[in-house]
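[1] Quick one, fold the following:
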Amino acid sequence: MSGSTVALEQEPAPIVACTISRDVQMFDLLIEDMEAEMGETWGDLSLEDALAFFSQPESSDLEFVAIAMDEEDEANLSQIAEVIRQATARNIKALVIAEEVSPMVPSVPTGPAVSDVNREGVLVAIHGLAGGTGATTLAVNLAWELATIHKTDAPRVCLIDLDLQFGSVSTYLDLPRREVIYELLSDTASMDDESFMSGLLTFNDRLHVFTAPADMLPLDLVSPDDIMAVIGKARANFDFVIVDMPRTIVQWTESVLTAAHVYFSTIELDMRSAQNALRMIRALKAEELPHDKIRYVLNRAPKFTDLNGKSRVKRLAESLDITIDLQLPDGLKPVVQAGDHGVPLAEAATKNPLRKEIHKLAQQLHAIGAQDAEPKKKKKGK
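    So this is what the prediction gives:
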């Protein structure tokens, strides 16, 4: 062997920290501090690239990110807040360096706070037995009515979209679908209260929303244990949990049906709803599941003066051997317009007849939930 030495290539040290900014060259002191403290183990990302990088395997080595912003970034607060939320959801510390911004900006919201008590929230599930029967409309507007039922002492409400393929709760509230939802659902074993809460979005500072995933996912991606883990975290931190179920019956439908305090199924006055309801009842009976727990909601119910329509409703209930517990009037075009604009009916059409009925339902549920709320609340960890 010759006397010459062979240089061994060393693997580069993993990146354990990153600066995130519009342009890091605008923050000279930050660059100097990072080089002094981190050496070669730090990198730099733009706001847009940061969200994509979080979903890459390389991000698993990150210990913290330093988010630098100045007055020109005040228009990007929602994007910066999203970066902070996603970092927090991955247990990555987020440090915000704010230079020459208004006093209100450094307090970028990172998501709703974890409740200091186990609220054991009321679980309300809503399941459309046919397309277009108003299940998501009911879920979104019921959640909003509950969240705003009192100006100063409203209950904490969480709305969960469990339609993993075509969920539209985010559309009805003009909220983005987030990559972190898939990550939470695919690893519920490591999900704690903080990571669950950081995955939520807030609508108008009152309603907290667990959206459907950003991409279409197979319904068997999650198990009953996964779904109940998500619902369990929601119930522990909120007074009411409203779940928008997929129309398809999946392996965890039974779990939600069994756990729900109220399970609404929306139908319309047509043959497809009648046939689907009959299939549902037969399936539940065959598995000896609590089919009598379902509360049927008739969407676009006939008006009081429509005697022929009232007669059809009676025949439908008798033929299926069910009780139609709630009849919702047709809200007509304002309902579609509110959904397209991403706002609840209470904000878009306060006097709409459908909104009034959902408001009444919210009052009833709130009264029932308030009766035994205080005795159930316990400090977490006790």
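
[2] For the stretch 51-200 of the chain, which segments are assigned as strands?
    For the stretch 51-200 of the chain, the strands defined by DSSP state E, counting those that start in this stretch cover 64-70, 93-99, 117-118, 122-128, 157-161.

[3] and these, which one's lowest on average pLDDT?
    When the strands of the stretch 51-200 of the chain are ranked by mean pLDDT, strand 117-118 comes last with a mean of 71.

[4] Run the chain-centre distance for it.
    Offset of strand 117-118 from its chain centre (C-alpha atoms, centre = their mean, to the nearest Å): 20 Å.

[5] Quick one: neighbours of the closest residue to residue 76 other than its chain neighbours, just the number.
    Closest residue in space to residue 76, ignoring its immediate chain neighbours: residue 47 at 6.4 Å, by C-beta to C-beta, 6 or more residues apart in numbering. Bear in mind the C-beta positions are built from the backbone N, C-alpha and C, glycine included. The local packing of residue 47 (other C-beta atoms under 10 Å) involves 17 other residues.

[6] what do you get for the one 5 residues further on?
    The local packing of residue 52 (other C-beta under 10 Å) involves 12 other residues.

[7] residues contacting residue 36?
    Listed by C-beta atoms under 8 Å, 6 or more residues apart in numbering, the contact set of residue 36 is empty.

[8] so it is in which element?
    Using DSSP states H and E, residue 36 sits within helix 28-38.

[9] how about the strands of the stretch 201-350 of the chain, start to end?
    For the stretch 201-350 of the chain, the strands defined by DSSP E, counting those that start in this stretch cover 201-203, 207-210, 240-244, 262-267, 294-301, 324-329.

[10] which of the ones you listed is buried the deepest?
    With neighbours taken as mean count of other C-beta atoms under 10 Å, those reach their highest mean count in strand 240-244, at a mean of 28.

[11] shaky segments in the stretch 251-382 of the chain?
    Flagging of the stretch 251-382 of the chain using pLDDT under 70 yields the residue ranges 370-382.

[12] thought residue 157 was touching residue 243?
    No: between residue 157 and residue 243 there is no contact under C-beta atoms under 8 Å: 11.8 Å.

[13] Could you pull up the contacting residues of the nearest residue to residue 244 once chain neighbours are set aside?
    Closest residue to residue 244 apart from its sequence neighbours, by C-beta to C-beta, 6+ apart: residue 139 at 4.1 Å. Contact partners of residue 139, counting by C-beta under 8 Å, 6+ apart, are 126, 159, 169, 242, 243, 244.

[14] do residue 218 as well
    The contact partners of residue 218, by C-beta under 8 Å, 6+ apart, come to residue 164.

[15] Pull out the buried positions in the helix holding residue 36.
    By neighbour count with 16 or more other C-beta atoms under 10 Å, helix 28-38 contains the buried residues 30, 31, 34, 38.

[16] Who is the closest residue to the third one other than its chain neighbours paired with across the strands?
    To tie it back to what came earlier, the one meant is residue 34. Distance criterion C-beta to C-beta, 6+ apart; nearest residue to residue 34, sequence neighbours excluded, is residue 42 at 4.9 Å. Bridge pairing for residue 42 (DSSP bridges) gives the partners residue 17.

[17] Domain-wise, how is the protein divided?
    Using automatic domain parsing, the domain parsing of the chain gives 17-99, 117-379.

[18] Comparing those domains, which comes out most buried?
    Highest mean neighbour count of the domains of the chain: domain 117-379, a mean of 18 (counted as mean count of other C-beta under 10 Å).

[19] before we move on, back to that, mind giving me CSV with the strands of the stretch 51-200 of the chain and columns for distance to residue 286?
    Shown next, in CSV, are the strands of the stretch 51-200 of the chain (distance: least, C-beta to C-beta, whole Å):
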stretch, distance to residue 286
strand 64-70, 53
strand 93-99, 51
strand 117-118, 36
strand 122-128, 18
strand 157-161, 28
